[in-house]
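Q: dropping a prediction and its sequence here:
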Amino acid sequence: MPDTEEPGKREKTKREFMRETIVKPPLSKRQLVKRLCLFVCLSVLFGALAAVSFVLSKPLADRYLGAEEPSESPTILFTKDEPETTAAPAETEAPEPSEEETFEAELLEDAVEKVMAGYSFSQQNLDSLSSVLRDIGTQSDKGIVTVSPGKQQTDLFGNPVENTTSYAGAVIAQTSGEYLIFTYADAVRQADYISVLFYNGTEAAGEVRQIDGVNGMAVLAVKAASMDSETRSEVKVLNLGNSYSVRIGDMVLGVGAPSGMVHSLTYGIVSYVARDVQVPDGITRVLYTDIRSNSGAGTFLVNTAGEIVGWTTAQYGTEDGGGLTAAVSISDYKTVLEKMTNNSPAPYFGIRGQEISEAMGETGIPRGVYVTEALAGSPAYDAGIQNGDIIVLFGEKEILTFKELQTQIETCQCGTAVAVKVMRRGREGYTELEYKVDIRAR
């Protein structure tokens, strides 16, 4: 029989299962605080592990993936030196010594004469002196490098020919990422590549930082990452000394390539110091010594403290030779070297000159810097400044001495124009003229 139960009745006979949802009770404030603390602790722990892993893996990644150190370097600063005052002190009458002071002076003089009369310079004394100088030279030699510029050329048959020569360079500064090397401009001019060989045989690629073609100087940079740790720990940075303190009779060493071969050594004394030597855009001192030197390969003058006080040049050699070597005073070029090591070009104005003294000014000549030569092709020459002009204003600075002019030039930025006022002599006296000089790199 067909099912004839009513629909409502059928629904009542069906059994439905009860479905229950278990609802967790809400967390208490104490439980929330615990979970938050656990979350923070785990975050700190995983962050620390990530940082440690990064620090440990970075050197390996840099080594195998070729990552380079940051190119930015801290600013390098050299201590500036001030020349001693040349003005003679006012003469005063010395008081007459008393009889007692005269008697003590005579006793002291007699005692010194007796000691010197009985003293003989022995072989041992000579050996001790040689040993001290040799030690200074050995330590300085750790800051000397061999700079080998290479140039790719071809022979008559089109075959590639590689020409290289060797020059001496001196490590004068160091940052966390590189070493800065002072060398001669001829060592790097028109080079296709530059190889730098350190004293222990480690070779690295050198990069030209700046060239000063007027003074014949150049600065190279070598990446510290291209050198092994042992070489980095042993390379010596040669400090730039105070060449204004060098006196006639001082002992000096020639390091670099005095014999024509890099890492050779010689020593001697300073025979003469020439002051106020005219050079482009300044005045300098020239130290004349009796050391042997090869200025073409590079020789640096070092004092007994192991500091560079000059570098040799053939530009100021004595006319008859005389066996003397000329060296440029390093103190006069510290500002230029500082700019070059920081990859900033040295500014060039382009004159030689001398000061108009106070006595000359009393005769009617304007006080300033007398232009003995406006160097051909220089910014000053191109602007119209001539031989015989007297520079009285540079920018907004009144010029009375060459030191003031030199300081103003050194603070200029290459590529900028500066107003220069000069006094030019004519038939009716001196006339003021103004020129705009475009400062450019040396």
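A: Yep, it's here.
Q: now the closest residue to Val255 other than its chain neighbours, what's its secondary structure?
A: Distances taken as C-beta to C-beta, 6 or more residues apart in numbering put Ser140 closest to Val255, at 4.8 Å, once the chain neighbours are dropped. (Glycine included, C-beta is placed from N, CA and C.) Secondary structure, DSSP: H, G, I helix; E, B strand; the rest coil: Ser140 is helix.
Q: what residues are up against Ser140?
A: Counting by C-beta atoms under 8 Å, 6 or more residues apart in numbering, Ser140 touches Lys236, Leu238, Leu253, Val255, Val302, Gly306.
Q: in the sheet, who's paired with the fifth one?
A: So the one you mean is Val302. Val302 has these beta-bridge partners by DSSP bridges: Leu253, Ile308.
Q: distance of it relative to Gly388?
A: Between Val302 and Gly388 the computed distance is 41 Å (C-beta to C-beta, to the nearest Å).
Q: so where do the strands sit in the stretch 251-400 of the chain?
A: Along the stretch 251-400 of the chain, counting by DSSP state E, counting those that start in this stretch, strands occupy 251-256, 264-279, 282-289, 299-302, 308-313, 325-329, 347-348, 351-355, 369-374, 390-394, 397-398.
Q: ignore what I typed, I meant the stretch 101-250 of the chain.
A: With strands called from DSSP E, counting those that start in this stretch, the stretch 101-250 of the chain shows them at 144-154, 160-164, 167-174, 178-184, 193-197, 203-212, 217-223.
Q: okay, now the closest residue to Pro149 other than its chain neighbours: neighbour count?
A: Leaving out its chain neighbours, the residue that sits closest to Pro149 by C-beta to C-beta, 6+ apart is Ala191, at 3.4 Å. The tally of other residues near Ala191 (other C-beta atoms under 10 Å) stands at 18.
Q: and this structure, what are its domains?
A: The chain breaks down by automatic domain parsing into domains covering 141-234, 243-341, 347-441.
Q: between these, which one is nearest to Glu109?
A: Closest approach to Glu109 among those (C-beta to C-beta): domain 243-341, 22.2 Å.
Q: now do the end-to-end distance for that closest one.
A: Distance across domain 243-341, first residue to last, is 20 Å (C-alpha to C-alpha, to the nearest Å).
Q: check the offset of that domain from the chain's centre.
A: Per C-alpha atoms, centre = their mean, to the nearest Å, the displacement of domain 243-341 from the mean C-alpha position of its chain is 17 Å.
Q: again with stretch 76-84
A: 12 Å.
Q: not counting it itself, show me its contacts.
A: Counting by C-beta under 8 Å, 6+ apart, 173, 175, 180, 240, 242-245, 331, 334-335, 337-338, 341-342 sit against stretch 76-84.
Q: and the helix or strand harbouring Met423, which strands flank it?
A: Using DSSP states H and E, Met423 sits within strand 417-426. According to DSSP bridges, strand 417-426 forms sheet pairs with strand 390-394 (antiparallel), strand 429-438 (antiparallel).
Q: CSV please, covering those strands and showing mean neighbour count.
A: Shown next, in CSV, are the strands paired with strand 417-426 (neighbours: other C-beta atoms under 10 Å):
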stretch, mean neighbour count
strand 390-394, 21
strand 429-438, 14
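Q: looking at those strands, spot the one closest to Gly350.
A: Here strand 429-438 is closest among the strands paired with strand 417-426 (C-beta to C-beta), at 8.6 Å.
Q: and the next element down the chain from the closest one?
A: Taking DSSP H and E, what comes next after strand 429-438 is strand 440-441.
Q: out of the contacts of Ser140, who's nearest Asp135?
A: For those, the nearest to Asp135 is Gly306 (9.5 Å; C-beta to C-beta).
Q: tell me, how many residues neighbour the closest one?
A: Gly306: 18 neighbours (other C-beta under 10 Å).
Q: show me the contacts for it.
A: Gly306 sits next to Ile136, Gln139, Ser140, Leu238, Asn239 when contact means C-beta under 8 Å, 6+ apart.
Q: what do you get for Ala257?
A: Ser166, Tyr167, Ala168, His263, Ser264, Asn294, Ala297, Gly298, Thr299.
Q: in JSON lines, list those residues along with pLDDT, neighbour count and distance to Ile399.
A: Shown next, in JSON lines, are the contacts of Ala257 (pLDDT from 0 to 100; neighbours: other C-beta atoms under 10 Å; distance: C-beta to C-beta, whole Å):
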{"residue": "Ser166", "pLDDT": "90", "neighbour count": "17", "distance to Ile399": "43"}
{"residue": "Tyr167", "pLDDT": "94", "neighbour count": "22", "distance to Ile399": "38"}
{"residue": "Ala168", "pLDDT": "96", "neighbour count": "28", "distance to Ile399": "38"}
{"residue": "His263", "pLDDT": "95", "neighbour count": "16", "distance to Ile399": "45"}
{"residue": "Ser264", "pLDDT": "94", "neighbour count": "20", "distance to Ile399": "44"}
{"residue": "Asn294", "pLDDT": "80", "neighbour count": "21", "distance to Ile399": "39"}
{"residue": "Ala297", "pLDDT": "89", "neighbour count": "24", "distance to Ile399": "39"}
{"residue": "Gly298", "pLDDT": "91", "neighbour count": "28", "distance to Ile399": "35"}
{"residue": "Thr299", "pLDDT": "94", "neighbour count": "29", "distance to Ile399": "35"}
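Q: pretty sure Val286 sits against Ala274.
A: Yes - between Val286 and Ala274 there is a contact under C-beta atoms under 8 Å: 4.3 Å.
Q: look at those two and report which has more neighbours.
A: Val286 (21 against 13).
Q: show the pLDDT at that one.
A: Val286 is assigned 94 on the pLDDT scale.
Q: distance of it relative to Gly310?
A: 8 Å.
Q: same question for Ala185.
A: Taking C-beta to C-beta as the measure, Ala185 falls 16 Å from Gly310.
Q: what of Met423?
A: For Met423 relative to Gly310 (C-beta to C-beta), the value is 35 Å.
Q: which of the two has more residues huddled nearby?
A: The residue with more neighbours, out of Met423 and Gly310 and counting by other C-beta under 10 Å, is Gly310; that gives 30 against 21.
Q: I'd say that one and Tyr333 touch.
A: No - look at Gly310 against Tyr333 with C-beta under 8 Å: they stay out of range, at 9.3 Å.
Q: which stretches of the stretch 151-300 of the chain aren't confidently modelled?
A: The stretch 151-300 of the chain contains residues with pLDDT under 70 at 152-164.
Q: OK, contacts around Ala380?
A: So Ala380 contacts Phe349, Gly350, Ile351, Val371, Ala374, Val420, Val437 (C-beta under 8 Å, 6+ apart).
Q: and the fourth one, how many neighbours?
A: Residues lying near Val371 (other C-beta under 10 Å) number 22.
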